[in-house]
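Student: got a structure for you, letters missing:
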């Protein structure tokens, strides 16, 4: 049984392309989002998942500004272990991503 291989990137275009190919859009957690002040906690929202009540769509510019400001990296999978298109993704601190990749 093969395990899924995740990749890590900080490249905005790679992240945007991966998300849009899967119908994902940039979003902020509603309870942390202050319009015009702070984007808050960012996520990639996919249609039909549980984010409908707790997330609100934001622009890619807002998303990437917060992404860089908070020094994040994007961990994702292209395909599941069964070979299907993968939706797994996670935002982590860049230092954590660097530490994992150097093991």
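Tutor: Looks like it arrived, so ask away. Keep in mind that this is a model prediction, so the values were computed, not measured. Residues are numbered from 1 along each chain as shown.

Student: Which is the succeeding secondary structure element to the helix or strand of the chain with the lowest mean pLDDT?
Tutor: Within the chain, judged by mean pLDDT, DSSP states H and E, the helix or strand with the poorest mean is helix 51-54; its value is a mean of 75. Scanning the chain past helix 51-54 towards its C-terminal end, the next helix or strand to appear is strand 55-57 (assignment: DSSP states H and E).

Student: can you list contacts of that next one?
Tutor: 25-30, 33, 43, 45 (CB atoms under 8 Å, 6 or more residues apart in numbering). The C-beta positions use only the backbone N, C-alpha and C, and glycine is treated the same way.

Student: and of those residues, the nearest to residue 84?
Tutor: Comparing the contacts of strand 55-57 against residue 84 with CB to CB picks out residue 45 as the nearest, at 20.1 Å.

Student: burial of the closest one, as a residue count?
Tutor: As a burial measure, residue 45 scores 21 neighbours (other CB atoms under 10 Å).

Student: repeat for the one 4 residues further on
Tutor: For residue 49, the neighbour count with other CB under 10 Å is 10.

Student: what's the answer for the one 10 residues further on, then?
Tutor: By the measure other CB under 10 Å, the count of residues near residue 59 is 11.

Student: Bridging across strands, which residues link to the closest residue to it other than its chain neighbours?
Tutor: Spatial nearest neighbour of residue 59, excluding adjacent residues (CB to CB, 6 or more residues apart in numbering): residue 26 at 6.8 Å. Beta-bridge pairing of residue 26 under DSSP bridges involves residue 44.

Student: Report how many residues lie close to residue 26.
Tutor: Neighbour count of residue 26, defined by other CB under 10 Å: 23.
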